[in-house]
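Colleague: Everything below, folded, please.
(one chain, ligands or ions: 1)
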Amino acid sequence: MRAGGRVLAARRTAPVALAGRWELPGGKVAPGETLEQAGVREVREELGCEVRCVGVLPRQVPLAWPLVLHVVVADLVDGEPVPQEHDAVRWLAADQLEEVGWLEGDRPFLDLVRGWL
Ligand SMILES: Nc1nc2c([nH]c(=O)n2[C@H]2C[C@H](O)[C@@H](COP(=O)(O)OP(=O)(O)OP(=O)(O)O)O2)c(=O)[nH]1
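Modeller: Numbers count the residues shown, from 1 in each chain. You can find the predicted model right below:
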């Protein structure tokens, strides 16, 4: 999720192995959903705000099988992110992307994210 030239990072609380690490917020695609629909739904559920998708980053990162991480680029269009499941959020400008401890799966997307800010 981006707004004003910054991207939102969110700090996970679960599972224990991932707690305290930062991610680009999202979640699993439900049956019948597109990536974009899942992104809009997950942001609404986890952060209580509305986004509009503008693209998908040209990279896919395998996680624990069978999960594959994709990143949808989306603009905040209504509300402000209020974390429901994360314990912190931060808006990061391009030169701040290294300031948080990203999950390994999210890290390969950072150069591409920088290009979208
Ligand atoms: N974003 C991210 N997720 C990761 C990484 N490594 C890893 O195992 N995961 C796992 C954690 C979660 O099981 C899954 C992401 O799903 P989620 O927990 O955010 O999504 P969700 O809201 O659909 O979750 P749930 O309802 O199934 O609990 O990917 C990583 O590097 N980055």
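
Colleague: can you pull the contacts of the residue nearest the centre of the chain?
Modeller: Against the mean C-alpha coordinate of the chain, by CA atoms, centre = their mean, the closest residue is residue 24 at 2.2 Å. By CB atoms under 8 Å, 6 or more residues apart in numbering, the contact set of residue 24 is 1, 7, 8, 9, 10, 71, 106, 109, 113. To be clear about C-beta, it is placed using only N, CA and C from the backbone, and glycine gets the same treatment.

Colleague: Tell me how many other residues crowd the fourth one.
Modeller: Translated: residue 9. For residue 9, the count of nearby residues is 24 (other CB atoms under 10 Å).

Colleague: residue contacts, it?
Modeller: Here residue 9 is in contact with 22, 23, 24, 89, 90, 91, 92, 100, 102 (criterion: CB under 8 Å, 6+ apart).

Colleague: so is residue 20 in a helix, a strand, or just coil?
Modeller: In three-state terms, and counting by DSSP: H, G, I helix; E, B strand; the rest coil, residue 20 is coil.

Colleague: Quick check: residues of the protein near the ligand?
Modeller: Residues of the chain lying close to the ligand (CB under 6 Å from any ligand atom) are 18, 23, 27-28, 42, 63-64, 67, 69, 103-106.

Colleague: mind listing the helices for this protein?
Modeller: Along the chain, the segments classed as helices by DSSP state H run 35-47, 110-116.

Colleague: Mean neighbour count, the ones you listed: which tops it?
Modeller: Most buried of those, by mean neighbour count (mean count of other CB atoms under 10 Å): helix 35-47, with a mean of 18.

Colleague: List the contacts of that one.
Modeller: Residues from elsewhere that reach helix 35-47 (CB under 8 Å, 6+ apart): 1, 8, 10, 25-30, 33, 49-53, 56, 70, 72, 74, 81-86, 89.

Colleague: can you do 7 Å?
Modeller: Residues external to helix 35-47 that are found in contact with it (CB atoms under 7 Å, 6 or more residues apart in numbering): 1, 25-27, 29-30, 49-51, 53, 56, 70, 72, 74, 81-86.

Colleague: Might you report the residue contacts of the residue in the chain that the ligand sits nearest to?
Modeller: Per CB to the nearest ligand atom, residue 105 is where the chain lies closest to the ligand, at 2.4 Å. By CB under 7 Å, 6+ apart, the contact set of residue 105 is 61, 63, 69.
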